[in-house]
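In: need a structure here:
(chains A, B, C and D)
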There are 2 protein chains.
Amino acid sequence: MAQLRRAPLADQAAELLLERIRSGEWGLGEKLPGETSLAPQLGVGRSTVREAIRQLAGRGVLASRQGAGVFVTALDAPEDWDVVLRRAGIVSVIEARIAIETEAAALAAARRTPADLRAIRRALAQRAEHRSDIESHVDADTAFHRAIVAAAHNPVLIELFDSFTPRLREAMIDMLRIRKEFGSDADHAAHTELADAIADREETAAAERSRTHLLTLREGLT
Amino acid sequence: MAQLRRAPLADQAAELLLERIRSGEWGLGEKLPGETSLAPQLGVGRSTVREAIRQLAGRGVLASRQGAGVFVTALDAPEDWDVVLRRAGIVSVIEARIAIETEAAALAAARRTPADLRAIRRALAQRAEHRSDIESHVDADTAFHRAIVAAAHNPVLIELFDSFTPRLREAMIDMLRIRKEFGSDADHAAHTELADAIADREETAAAERSRTHLLTLREGLT
DNA sequence: TCTGCTCTGCTTGTCTGAGGAGTTGTGTTA
DNA sequence: TAACACAACTCCTCAGACAAGCAGAGCAGA
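Out: Numbering: from 1, shown residues only, chains lettered A, B, ... in the order given. The predicted structure follows:
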């Protein structure tokens, strides 16, 4: 009626099972009914039930042991970072970015290799070229900042940066569309100074310039 | 041979497929071979292939559309934080913690409520009490630092902090077991000063004290 | 030439029946 | 009481059949 049976039965069955798990019908570590009894209960065939279970197993909610049964391993899918970031308001996300990026800038100043420096300079040039189109400007900007984080040679920081960018991209595009001031000379100069500080191995200067730039960004998004 | 068939065929097939995806055999958005041709390729039945696909679909790697085929939706399962943190050396993790915690200290100084302050003071007192047992000392210490991050009122930062602590706990316990110097008066004084800076709303002082404390921690873990 | 239709082959979706293999609890036996 | 054998239950895997949906080829009409 409402859905025109758009979703496959196995997906529907998985969703149904997840709901019953969330409702507390089966507690953590408890055993689900066998597939042979679950199938008629859900009104589907046995293989469909199996596929639903496999799907939830892939998400870490269920685990099946041959001969023993299917058990609940998590009461809910582990919260996706996506979900946390989406619920957390844009300001919180950018504050987190400030945290990791100022630290990364300092580390980059200390650790950057000549290759890192070339990558940063190249990204900076790219960034200067894309001053007209909003989207490509934002992408070029993130690429530049990413190059700096990469120069910090810390896998955790780069992973964090990458998990933030999708969420921030939309917000930044929206902001620039409203303010219409981007790609200004002052803006570009600030970025050049940041790159120079890293080139000159000036840790505190790099951190400071990174911070001030991001703080103005936060103001724009508030 | 090596595994004695410990894992179900469907799991093995899923792992095999994921490997081939990671190796770039099928790019993002590309279509996999049909189940009927994939099955003999992997040496299993069609339903087993289907279960493997469902498992990867649950992890967000694949998506199947009836009549069209199975498509790659992500080149890699969004790496579990656990995995990233475990593979990234302890130094990288603590650098990430430095990043978020100094920022959090500054924010806490700006935003802390009286209730936050009470929680921080209480955690500090708890920390002072547990000077003998290593494990409980580490736990009390993390609880204190967590109270500070909580006072920053930023859900992303607290989530990050929580995801780091399990990994750091083991490392800190190991370190203290070797060095045997913990719970010293100087150490406790540094923490008290940090709490005072937050109480007095001195942002830069809070950030600075937090940073220096964590830097010494990093030295210890190197 | 372009548009729109139908038809056909291929793909995934679902069900069923049959064995294989592992686990768990029960009952028997020494 | 302890060790063993067994049976009932579970998931695991396969094969075959048919339904449902998609995409491209080919054709007919404008």
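In: so which elements touch the strand or helix carrying residue A:208?
Out: In the assignment (DSSP states H and E), residue A:208 maps to helix A:203-221. Judged by 3 or more C-beta pairs under 8 Å, 6 or more residues apart in numbering or on different chains; DSSP states H and E, the packing partners of helix A:203-221 are helix A:89-111, helix A:155-179, helix A:185-199. All C-beta spots, glycine's among them, are computed from the backbone N, C-alpha and C.
In: where among those is average confidence lowest?
Out: Ranked by mean pLDDT, the helices and strands packed on helix A:203-221 bottom out at helix A:155-179, with a mean of 82.
In: now the angle between helix A:89-111 and that helix, please.
Out: Taking axes from the mean of the first three to the mean of the last three C-alpha atoms, to 10 degrees, one finds helix A:155-179 and helix A:89-111 inclined to each other by 130 degrees.
In: quick one: buried residues of helix A:155-179?
Out: A:155-161, A:163-165, A:167-168, A:171-172, A:175-176 (16 or more other C-beta atoms under 10 Å in any protein chain shown).
In: what's the spacing between residue A:206 and DNA strand C?
Out: Counting by C-beta to the nearest atom of the strand, to the nearest Å, the separation of residue A:206 from DNA strand C is 50 Å.
In: sorry, wrong one. I was asking about residue A:89.
Out: 36 Å.
In: return the residues in contact with the closest residue to that residue other than its chain neighbours.
Out: Leaving aside its chain neighbours, residue A:89 sits nearest to residue B:155 (7.9 Å; criterion: C-beta to C-beta, 6 or more residues apart in numbering or on different chains). Counting by C-beta atoms under 8 Å, 6 or more residues apart in numbering or on different chains, residue B:155 makes contact with A:84, A:87, A:88, A:89, A:92.
In: likewise for residue A:194?
Out: A:105, A:148, A:206, A:209, A:210, A:213.
In: and which of those residues is nearest chain B?
Out: Nearest to chain B out of the contacts of residue A:194 is residue A:105 (C-beta to the nearest C-beta; 10.3 Å).
In: sorry, back to before: can you select the buried ones among the contacts of residue A:194 for me in PyMOL?
Out: Buried subset of the contacts of residue A:194, written as a PyMOL selection, criterion 16+ other C-beta under 10 Å:
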select buried, chain A and resi 105+148+206+209+210+213
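In: please name whichever of the contacts of residue A:194 scores lowest on pLDDT.
Out: residue A:213 (89).
In: contacting residues for it?
Out: Contacts for residue A:213 were tallied using C-beta under 8 Å, 6+ apart; they are A:190, A:191, A:194.
In: coming back round to it: got the contacts of residue B:155 as a markdown table, with neighbour count columns?
Out: Compiled in a markdown table, these are given as follows (neighbours: other C-beta atoms under 10 Å in any protein chain shown):
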| residue | neighbour count |
| --- | --- |
| A:84 | 17 |
| A:87 | 11 |
| A:88 | 19 |
| A:89 | 14 |
| A:92 | 21 |
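In: closest to residue A:43 among these?
Out: Comparing the contacts of residue B:155 against residue A:43 with C-beta to C-beta picks out residue A:87 as the nearest, at 34.4 Å.
In: before we move on, the earlier item: most widely separated two among the contacts of residue B:155?
Out: Maximum distance among the contacts of residue B:155 (C-beta to C-beta): 10.9 Å, for A:84 and A:89.
In: what's the neighbour count on the one residue in chain A that gets nearest to chain B?
Out: Chain B sits closest to residue A:58 of chain A, with a gap of 2.8 Å, by C-beta to the nearest C-beta. Residue A:58: 25 surrounding residues under other C-beta atoms under 10 Å in any protein chain shown.
In: what's the residue closest to the geometric middle of chain A?
Out: Of all residues in chain A, the one closest to the mean position by C-alpha atoms, centre = their mean is residue A:163, 2.7 Å from it.
In: what pLDDT does the nearest residue to that residue once chain neighbours are set aside get?
Out: Nearest residue to residue A:163 in three dimensions, chain neighbours excluded: residue A:81, at 5.3 Å (C-beta to C-beta, 6+ apart). Residue A:81 is assigned 75 on the pLDDT scale.
In: residue A:81 and residue A:164, how far apart?
Out: 9 Å (C-beta to C-beta, to the nearest Å).
In: where's the residue nearest to residue A:89 relative to residue B:161, distance?
Out: Going from residue B:155 to residue B:161 by C-beta to C-beta gives 11 Å.
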